[in-house]
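>>> A structural model of the following input is requested.
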Amino acid sequence: MSEPTKTILCLASYHKGHEFLREAKRQGWCVYLLTSKSLQGADWPREALDEIFYMPDVDKIWNRDDVIKGVSFMARTRRIDRIVALDDFDVETAAALREHLRVPGMGDTTARYFRDKLAMRLQALEAGIPVPDFCPVINYDTLRGFMRDVPGPWLLKPRLSASALGIRKINSPDELWPALDALGDQQSYHLLEAFVPGRVYHVDSIVSDCLVVFAIASRYGAPPLEVMHGGGIFSTVICEHGSVEERALLAANAGVLAAMGHVRGASHTEFIRAADGTFYFLETSARVGGANIMDLIEAATGLNLWREWAKVETQEAAYRVGDYRKDYAGLLVSLARQEWPDLAAFDAPEVVLRIPKRHHVGLVWRSPSAARVEELQREFLARVQRDFHASAPAPDKATD
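Model (predicted):
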């Protein structure tokens with residue numbers, strides 16, 4: 001008697017993860033998608049999906065108890081072998097489902113290390129990983145002592161948000177208390193952290209059986225916090241292979257993911273390099289990096305991290321990353337004054353992708369030369385700033 005087809009349930013409250021869904025189907029699995037009712041008309045890769053289920057949502061937010069009840073009802077007639085969260089905001093929901101249905105994978109406790117900025121900092125500190133000085137926003141006397149002992153400015157950060165969403169710079173104690181009053185009962189869902197100036201980096205990884213089997217380090221142009229709250233231009237380039245910078249980042253990333261207990265899947269981890277050369281851990285996640293970072297990595301290596309993640313989840317044999325290029329690539333994304341900017345003007349032969357999006361400029365370029373990629377980064381940033389760039393207030397919630 002043949003084994004039944006294995007099934008994977010993918011959670012996506014945001015519209016993403018198409019290549020994961022396609023690859024899971026190519027691996028011979030039955031693929032279910034649970035997504036937001038507000039995305040019912042989105043162009044999901046329906047050829048790769050056996051069934052789609054929709055959850056009522058308010059701004060892509062689901063009621064977790066309703067999800068558990070709904071998926072449990074679904075599971076009466078459908079076996080579920082794997083549960084995967086395709087977006088950062090679904091990680092805890094997926095963990096709760098695994099705990100409830102006893103499906104293997106990351107449970108509630110481990111999931112906190114990939115969502116809760118306070119939990120991940122405490123875990124990193126325990127593992128001896130450098131982190132900026134921080135303090136939970138819980139006890140006021142502790143906060144006063146922290147601000148007395150750690151010079152400002154500080155960053156007031158939501159513990160469960162993604163990227164730089166909701167972060168506020170605090171310059172003095174007199175600024176903090178009104179900010180906390182405005183938060184009301186949401187105060188304890190924040191932390192206060194020393195502001196460390198420096199260059200910000202990201203390491204994007206694939207983990208299999210608790211081992212980092214692929215990782216690549218990149219350096220942001222302007223820090224994401226500055227881009228989101230200062231109206232700057234988002235850009236990032238691959239770090240020079242074999243450099244001291246890259247070696248330090250890859251080692252730090254492996255330490256972080258081991259400390260957090262990542263078992264399998266994708267990860268996007270950020271570090272900041274202070275003036276003294278120390279790499280401080282900022283945050284990690286159990287997902288593919290957003291803002292088209294996957295396109296940057298695919299341009300440089302030929303690997304699509306969504307597909308590789310799906311292979312880790314679905315292959316019976318031990319996962320091995322295939323051969324890949326070790327080129328360099330750059331990525332730039334900016335709001336644009338024009339509704340549909342003319343991206344044909346970026347005609348350098350190294351440009352491999354122009355990202356068509358209303359009121360945006362998006363570019364990816366590739367070269368075997370790190371110096372050439374950085375030269376084009378400077379050229380493109382200057383041109384976009386002059387001819388296209390627009391700014392808008394920072395969003396108060398994640399967007400697609």
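>>> give me the pLDDT for the residue nearest the centre of the chain.
The centre of the chain sits closest to Gly289, judged by C-alpha atoms, centre = their mean, with a distance of 3.8 Å. On pLDDT, Gly289 comes in at 94.
>>> quick one: the helices in the protein?
18-26, 64-74, 91-101, 108-113, 117-126, 140-149, 173-183, 224-230, 244-260, 293-301, 305-314, 370-387 (DSSP state H).
>>> buried set for the longest one?
Judged by neighbour count (16 or more other C-beta atoms under 10 Å), helix 370-387 contains these buried residues: Ala370, Arg372, Val373, Glu374, Leu376, Gln377, Phe380, Leu381, Val384. Every residue, glycine included, has its C-beta placed from N, CA and C.
>>> again, but for the fourth one
Neighbour counts using 16+ other C-beta under 10 Å place Thr110, Ala111, Arg112, Tyr113 of helix 108-113 among the buried residues.
>>> ok, now which ones touch Gly277?
Neighbour list for Gly277: empty [criterion: C-beta atoms under 8 Å, 6 or more residues apart in numbering].
>>> for it, what are phi and psi?
phi 90, psi -10 (degrees, to the nearest 10).
>>> identify, from the buried residues of helix 108-113, the entry nearest to Ala42.
Ala111 (25.6 Å; C-beta to C-beta).
>>> what's the closest non-adjacent residue to that closest one?
Ala95 (3.6 Å; C-beta to C-beta, 6 or more residues apart in numbering).
>>> quick check: domain ranges of the protein?
Domain assignment of the chain by automatic domain parsing yields the ranges 7-105, 133-194, 199-387.
>>> against Pro104, how distant is Glu313?
11 Å (C-beta to C-beta, to the nearest Å).
>>> I meant to write Tyr189 there.
30 Å.
>>> now do Val137
For Val137, the distance to Pro104 - C-beta to C-beta - is 35 Å.
>>> list the buried residues of the helix or strand of the chain at the bottom of the mean pLDDT ranking.
Least confident helix or strand of the chain, by mean pLDDT, DSSP states H and E, is helix 224-230 with a mean of 80. Using 16+ other C-beta under 10 Å as the test for burial, helix 224-230 gives Pro224, Leu225, Glu226, Val227, Met228, His229.
>>> and those residues as TSV, adding distance to Asp66?
Listed next are these as TSV, based on distance: C-beta to C-beta, whole Å:
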residue	distance to Asp66
Pro224	33
Leu225	34
Glu226	38
Val227	35
Met228	31
His229	34
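>>> closest to Lys37 among those?
The nearest one, if we look at those relative to Lys37 and count by C-beta to C-beta, is Met228, at 28.1 Å.
>>> for the chain, what are the low-confidence residue spans?
Residues of the chain that meet the criterion pLDDT under 70 lie in 1-3, 163-164, 393-400.
>>> ignoring the adjacent residues along the chain, who's closest to Gly70?
Nearest to Gly70 is Met55, by C-beta to C-beta, 6+ apart, at 6.8 Å.
>>> re the thing from before, closest to Pro341 out of the helices of the chain?
helix 370-387 (8.4 Å).
>>> now that closest one: how far from the chain's centre is it?
24 Å (C-alpha atoms, centre = their mean, to the nearest Å).
>>> count of residues packed around the closest residue to Ala252 other than its chain neighbours?
If the residues on either side of it in the chain are set aside, Ala252 comes closest to Phe279, at 5.3 Å by C-beta to C-beta, 6+ apart. Using other C-beta atoms under 10 Å, Phe279 is surrounded by 20 other residues.
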